[in-house]
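Trainee: pasting the sequence and the predicted coordinates here, then a few questions.
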Amino acid sequence: MSSDVVRVVYRKYDGAAHRDYPARRLAEDDLGTWLGVAKGTRSVYHGRPSVEQIPFVLLVPHDAWWTGMFNPAPRTSEVYCDIASPARWEGDTVHLIDLDLDVVRRRATGLVELRDEDEFAEHRRMFGYPDDVVAHAEAAAEWLFGALGDGTEPFATAYRKWLALVV
């Protein structure tokens with residue numbers, strides 16, 4: 001039986017630590033596994049100790065090349081999606097490889113942005129991303145760019161009931 005606590009581990013393609021934190025399992029549905037992270041949660045960010053200042057909800061989709069972070073105010077990004085390898089679960093730990101690209105929807109304006117294309121290009125060369133990984137990452141970013149702007153769920157309202165549990 002699964003526990004209520006999940007360890008979320010993001011690494012970069014070369015294996016370097018990126019993010020690592022505990023989260024509370026909120027639910028699992030057809031969209032994926034919903035995880036809540038409370039304010040004050042101790043975490044690791046870029047290999048360094050950190051403390052989450054603003055709570056959030058993370059959606060780890062079933063077999064997709066992204067994760068979605070849903071944020072309350074005052075965070076300026078309402079939705080922040082990391083392009084990442086499909087989740088690999090080992091018990092109550094989920095492993096993801098962050099592939100640099102991010103798709104973000106800004107709270108104040110609703111503007112959707114594709115971020116870190118330069119980092120993606122640099123790491124593609126440096127770490128030798130295989131062509132299929134590049135294709136999956138770019139396709140996921142393109143799909144998210146449209147989905148965050150057109151009301152596709154879970155980016156319209158589905159996340160709000162989960163976010164209400166952590167704020």
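Mentor: Structure received. Numbering: from 1, shown residues only.
Trainee: from here on, contacts and neighbour counts on C-alpha atoms
Mentor: Noted.
Trainee: would you agree Ala141 falls within a helix?
Mentor: Yes: looking at Ala141 with DSSP: H, G, I helix; E, B strand; the rest coil, it is inside a helix.
Trainee: show me what contacts it?
Mentor: By CA atoms under 8 Å, 6 or more residues apart in numbering, Ala141 lies in contact with 83, 101-103, 114.
Trainee: let me know the helix or strand that Glu138 is in.
Mentor: Using DSSP states H and E, Glu138 maps to helix 131-150.
Trainee: what about the helices in the chain?
Mentor: For the chain, applying DSSP state H gives helices covering 117-127, 131-150, 160-163.
Trainee: those helices: which one's closest to Leu35?
Mentor: helix 160-163 (8.3 Å; CA to CA).
Trainee: could you check how far the residue most central in space within the chain is from Thr41?
Mentor: Residue closest to the mean C-alpha point of the chain, counted by CA atoms, centre = their mean, is Thr67 at 3.3 Å. To Thr41, Thr67 is 19 Å away according to CA to CA, to the nearest Å.
Trainee: what does Tyr10 give?
Mentor: From Tyr10 over to Thr41 the distance is 16 Å, taken as CA to CA.
Trainee: re earlier: can I get the helices of the chain in a markdown table including distance to Asp14?
Mentor: What follows is the helices of the chain, written out as a markdown table (distance: least, CA to CA, whole Å):
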| stretch | distance to Asp14 |
| --- | --- |
| helix 117-127 | 6 |
| helix 131-150 | 14 |
| helix 160-163 | 32 |
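Trainee: which one, of these, ends up nearest to Trp34?
Mentor: Closest among those, once you apply CA to CA, is helix 160-163, at 7.4 Å.
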